[in-house]
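Below is the sequence, then the predicted model.
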Amino acid sequence: MSKAGTLECDVAVIGAGTAGLAAERAARANGASTLLIDPAFNGTTCATVGCMPSKLLIAAAKARHAALRAGSFGIDVEGVTVDDKAMFGRIRAERDRFVKLTREGIKDVPAKVRIKASAKFVKPGVLELDDGRRIEARAIVVATGSRPAMPDAFAALGSAALTNETVFSLTALPKRMAVVGSGAIGLEMAQAFARLGVAVALFDKADTLAKLRCPRVHKALKDIIAKDMDLHLGVEVTPRPHENGVSIRWKGASKGEAVFDKVLVAVGRPPTFDGLDIAKARLETDEKGVPCHERETMRCGESNVFLAGDVAADYPLLHEASHDGAIAGRNAAAFPAPIRIERYVPFSITFTDPQVVSIGRAEADSAVSGTSDFTDQGRARVEARNEGALTLYAAAPDGVLIGADMVAPAAEHLGHLLTWAMQQKLTATQVLEMPFYHPTIEEGLKQALRMVCAATPIAIPDNQDTGSPPGA
Ligand SMILES: Cc1cc2nc3c(=O)[nH]c(=O)nc-3n(C[C@H](O)[C@H](O)[C@H](O)COP(=O)(O)OP(=O)(O)OC[C@H]3O[C@@H](n4cnc5c(N)ncnc54)[C@H](O)[C@@H]3O)c2cc1C
Ligand SMILES: NC(=O)c1ccc[n+]([C@@H]2O[C@H](COP(=O)([O-])OP(=O)(O)OC[C@H]3O[C@@H](n4cnc5c(N)ncnc54)[C@H](O)[C@@H]3O)[C@@H](O)[C@H]2O)c1
């Protein structure tokens, strides 16, 4: 501290989530003096109310679903019940373990660097804390994350309206649950609760689930999701308090009214600028109020402010938050000489069963495409998981892979293989020239890859036996 009540540093990072922690680490590793500001230091969104508890709930749902469908293999499992207390108990115990690990990671940040407070801008380069102190920094990284949107009509429902911040605190399964919003959170949670035996209805004002780009893949996903729940796309929803929970009236592509014990509101997570007084940083903003920034540096225009994580509203995903943080922290330390870093191929997985994956660019940017179908794919049939579709996008003239959409068994693994191939700028031919073990779900990629080869001047590799094993 130099002036009374004023702290000085090279890089101030606002927010100690995944992105902020990565930014602070990178700035310190690059020789900067740092301050990391957070009002709570409670652990990241990912560990507390995001990725980890949601995947734990999905894991429980998967276990029940597997028991119920064992009959398709001639295996009788009787008396499948859910012990709510034990199930939610495991979710919270495992979640708390992950949270503890992230809190231990926070403790690795030197004590003098951690400032427990909320920060806001006073003017460019100067922050004010809610304890009255000020921070003067050469560069500032804003990593304040995102929060669930809660439209007024849902807020008026009180505890009957859940978000990702409250749903994992349930101690008993509701009997009937409405889920509003069919993005990643809505889709994952709707299917998980349905597969735990809750009567679920899923609503979205859009006509498309999970913002899927390919109509063919979307049709496959819609058919799969509709097996587990009532699905109402293209509807406007009006909620009202009801003595038994919440009444939902909907109109549009379909029309009706029903009563639910709870409604999960999953209509997006806008970036958190509340209380930041970001206007005082004098940054140019886009139409959504997010400071304009360059993804390769995470720098806002020519300013000394950098964004990282969900607050940047680019790809609100964990691996991107981490990468943003590393880029922003490194460049804040090097201010005013940022280095441009090549970004990953955009890649998202929605953990439904089967999973939904979108990678890179889509139809509009592609010269050729190829498709695979998993309804008769060899290994998928063996496992009785034979559903789903994949569309692969490639550029002309050589069939370089540029994107994919899929709902498919083991899509998280297929998605990684394809994303890594795209990151390496491989062509469909080059991927086909690598070994495919038999019988695997990966063989399901071959059909789409061969279609791409056939549509480009580059022939299918000579070593390809097109009289493949069933479903390959
Ligand atoms: C239910 C759910 C499931 C998800 N599942 C996945 C998944 O499976 N895979 C995946 O890749 N992504 C998933 N995500 C997304 C992922 O969790 C986020 O992209 C990631 O956690 C964002 O990290 P962050 O650092 O930007 O934000 P956060 O971790 O939220 O950190 C923001 C920090 O800023 C602090 N802060 C806010 N305002 C101020 C202020 N004025 N002053 C100081 N500090 C402040 C907050 O206290 C907080 O600690 C999921 C998200 C949700 C909600
Ligand atoms: N597996 C994962 O990687 C994962 C899982 C969960 C969340 N996330 C991240 O969290 C972010 C937020 O997730 P989300 O699902 O809340 O948001 P989202 O933006 O992905 O989806 C919101 C959905 O709500 C709909 N909607 C908006 N207002 C509505 C209204 N009034 N009535 C009906 N429908 C309405 C939209 O049409 C959209 O389909 C995602 O963008 C994703 O990046 C990722």
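Structure's in. What do you need? Ligands and ions are numbered 1, 2, ... in the order given.

Per-residue confidence, the residue positioned nearest the centre of the chain, what does it come out as?
Central residue of the chain (C-alpha atoms, centre = their mean): L317, 4.4 Å from the mean position. We have a pLDDT of 98 for L317.

wouldn't it be in contact with S348 here?
Yes - under the criterion of C-beta atoms under 8 Å, L317 makes contact with S348 at 6.1 Å. From N, CA and C alone the C-beta is placed, and that goes for glycine too.

about what we covered before: who's in contact with the residue nearest to the centre of the chain?
Going by C-beta atoms under 8 Å, 6 or more residues apart in numbering, L317 touches S348.

again, only this time at 10 Å
C46, C51, A184, G309, D310, H323, D324, Y344, P346, F347, S348, I349 (C-beta atoms under 10 Å, 6 or more residues apart in numbering).

Equivalent analysis for G186, please.
With C-beta under 10 Å, 6+ apart as the criterion, the residues that contact G186 are 179-180, 202-204, 209-210, 264-268, 350.

And the buried ones among those residues, selectable in PyMOL?
Per 16 or more other C-beta atoms under 10 Å, the buried members of these correspond to this PyMOL selection:
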select buried, resi 179+180+202+203+204+209+210+264+265+266+267+350
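
burial measure for whatever residue of the chain ends up closest to ligand 2, as a count.
Using C-beta to the nearest ligand atom, the closest approach of the chain to ligand 2 is made by G183 at 1.9 Å. Neighbour count for G183, taken as other C-beta atoms under 10 Å: 17.

Thought V267 was touching it, still the case?
Yes - G183 lies in contact with V267 (C-beta atoms under 10 Å); the separation is 7.9 Å.

joint contacts of those two?
Shared contacts of G183 and V267, defined by C-beta under 10 Å, 6+ apart, comprise D204.

circling back: could you export the contacts of G186 as CSV, including pLDDT, secondary structure and distance to P439?
Below are the contacts of G186 laid out as CSV (pLDDT from 0 to 100; DSSP: H, G, I helix; E, B strand; the rest coil; distance: C-beta to C-beta, whole Å):
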residue, pLDDT, secondary structure, distance to P439
V179, 98, strand, 36
V180, 98, strand, 41
L202, 98, strand, 34
F203, 98, strand, 39
D204, 98, strand, 37
L209, 97, helix, 30
A210, 90, helix, 29
L264, 98, strand, 38
V265, 98, strand, 43
A266, 98, coil, 37
V267, 98, coil, 42
G268, 98, coil, 41
T350, 98, strand, 26
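
re the thing from before, list the contacts of the residue of the chain closest to ligand 2.
D204, A206, L209, A210, K211, A266, V267, G268, R269, T350.

ok, now how distant is the fourth one from I185?
In this structure, A210 and I185 are 10 Å apart, going by C-beta to C-beta, to the nearest Å.

Find residues that contact each of these two.
With C-beta under 10 Å, 6+ apart, A210 and I185 have common neighbours T350.

rewinding a little: which pair in the contacts of G183 spans the largest distance?
Using C-beta to C-beta, the contacts of G183 span at most 17.6 Å, a distance reached by L209 and R269.

show me what contacts the residue in the chain that ligand 1 sits nearest to?
Nearest residue of the chain to ligand 1: G17, at 1.8 Å (C-beta to the nearest ligand atom). G17 makes contact with 23, 38, 42-48, 50, 102, 143-146, 272, 308-311, 318, 321, 325, according to C-beta under 10 Å, 6+ apart.
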